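K.L.:
Quick one, structure for this:
(one chain, ligands or ions: 2)
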Amino acid sequence: MVFRDELRIRLKAGDGGNGCTSFHREKYVPKGGPDGGDGGKGGDIVFEADQRLLSLESIGARRQFAARNGEPGGGSKCHGRDGADLVLMVPVGTLIRDAERGHVLKDLDRHGARVVLLAGGKGGRGNPHFASAVNRTPRRSEPGRPGEERMVLLELRTIADVGLLGLPNAGKSTLLAALTHAKPEIAPYPFTTLTPNLGILEIDYEPYVVADVPGIIEGAHQGKGLGVRFLKHVERTRVLLHLVDASCGVEAMQEAFSTVRAEVAAYSVELAAKPTLTVFTKMELVADEKAVTKAAKKLDKAALFVSAHTGRGLDELKATLVTAIARARKFAAG
Ligand SMILES: Nc1nc2c(ncn2[C@@H]2O[C@H](COP(=O)(O)OP(=O)(O)OP(=O)(O)O)[C@@H](O)[C@H]2O)c(=O)[nH]1
Ligand SMILES: [Mg+2]
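P.N.:
Ligands and ions are numbered 1, 2, ... in the order given. Predicted structure coming up:
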């Protein structure tokens, strides 16, 4: 399933560097004091969520990751350098589970969320730390602590901001392609899209995930067609775009609108209550625009009119989306 992605990986934070045992040496100074430096700290394993990423492929083909070890301390109070952290970038919606016991360690549920999952080992102390009044020449220094190690399971559940909904052939995939860099299959017949497509819509440098799902038909909630399996996914989106083909005349348009609304309502009350923008598509094909817009506004007075082919209405659609998503996010945040 496109929306679910799982990966088991082994992680190892860096070991701390060993502390050093050393004594100050200088000409004519016979008994130098202890001057062994401390070991550096091992690097942490850090995860960060980025909404521009769409799959766990973002971490590459490797299944084992280790952060750098801390360097050992040296003489002349030279402290070992800390090991660099290892930062793994993953998509928003990534759950990190303990692979053995299955419990959730972290849910990276928003853009920029960051967690230090495994801490690097502390560096060992050098021998000056062990000097005392009775022992001015300690030979003892500490080894670095080992970094944490763990098998984890990454599980991605994409939370799209926008879900495209509509009858087959309504122009969902075409709109996705017009708004994002996604290249979904587009064809002049129903059921072109068989699995969900995701794309990133960037507005003012802010990335939004848009999900295009297979069209739904009358009876979808009873299992007809392909749509119902995917309604489950748009359930997790923040805003729905209900696409209605305006090019087939007023009556067909009204019927298309009601069919989809009815299916959504039959599927779930929550989905029906989700913020929904009605978007009439293929407007450049419409002959009697007055009649169409009048009928459309009766169905939804905030209706939007677009043509993915000419680009008409896309800027207004984006602006409206930004506001709707912001409102939905605020609502979700309580
Ligand atoms: N003239 C015109 N044709 C459009 C426009 N948008 C989509 N189409 C055409 O409508 C047909 C269906 O478009 P798709 O984007 O595949 O429709 P869909 O809703 O994804 O269809 P399914 O995946 O089957 O549910 C294609 O032939 C598109 O080229 C538009 O703005 N203008
Ligand atoms: Mg499609």
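K.L.:
Please determine how far M253 is located from ligand 1.
P.N.:
Here the criterion is C-beta to the nearest ligand atom, to the nearest Å. By it, M253 lies 14 Å from ligand 1. Heads up, the C-betas are built off the backbone N, CA and C, glycines and all.
K.L.:
Now for that residue: which residues touch it?
P.N.:
Going by C-beta atoms under 8 Å, 6 or more residues apart in numbering, M253 touches 244-246, 280, 292, 295-296, 299.
K.L.:
and it, which of the three is it?
P.N.:
Here M253 is recorded as helix under DSSP: H, G, I helix; E, B strand; the rest coil.
K.L.:
what does E284 give?
P.N.:
Applying three-state DSSP: E284 is helix.
K.L.:
What ranges does the stretch 101-250 of the chain have for its helices?
P.N.:
Residue ranges of the helices in the stretch 101-250 of the chain, as given by DSSP state H, counting those that start in this stretch, are 172-179, 227-234, 250-267.
K.L.:
most tightly surrounded among those?
P.N.:
Most buried of the helices of the stretch 101-250 of the chain, by mean neighbour count (mean count of other C-beta atoms under 10 Å): helix 172-179, with a mean of 24.
K.L.:
care to break the chain down by domain?
P.N.:
Domains of the chain are assigned by automatic domain parsing as 4-157, 162-333.
K.L.:
By mean pLDDT, show me the worst of these.
P.N.:
Averaged per stretch, pLDDT over the domains of the chain is lowest on domain 162-333, reaching a mean of 88.
K.L.:
still on that earlier bit, adding distance to ligand 2, write the domains of the chain out as JSON lines.
P.N.:
Below are the domains of the chain laid out as JSON lines (distance: least, C-beta to the ion, whole Å):
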{"stretch": "domain 4-157", "distance to ligand 2": "18"}
{"stretch": "domain 162-333", "distance to ligand 2": "3"}
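K.L.:
The longest helix along the chain: which residues count as buried?
P.N.:
Using DSSP state H to define each element, the chain has its longest helix at helix 314-333. Within helix 314-333, the residues that qualify as buried are 314, 317, 320-322, 324-325, 328, counting by 16 or more other C-beta atoms under 10 Å.
K.L.:
Could you list which of the contacts of M253 belong to strands?
P.N.:
Counting by DSSP state E, those place 244-245, 280 in strands.
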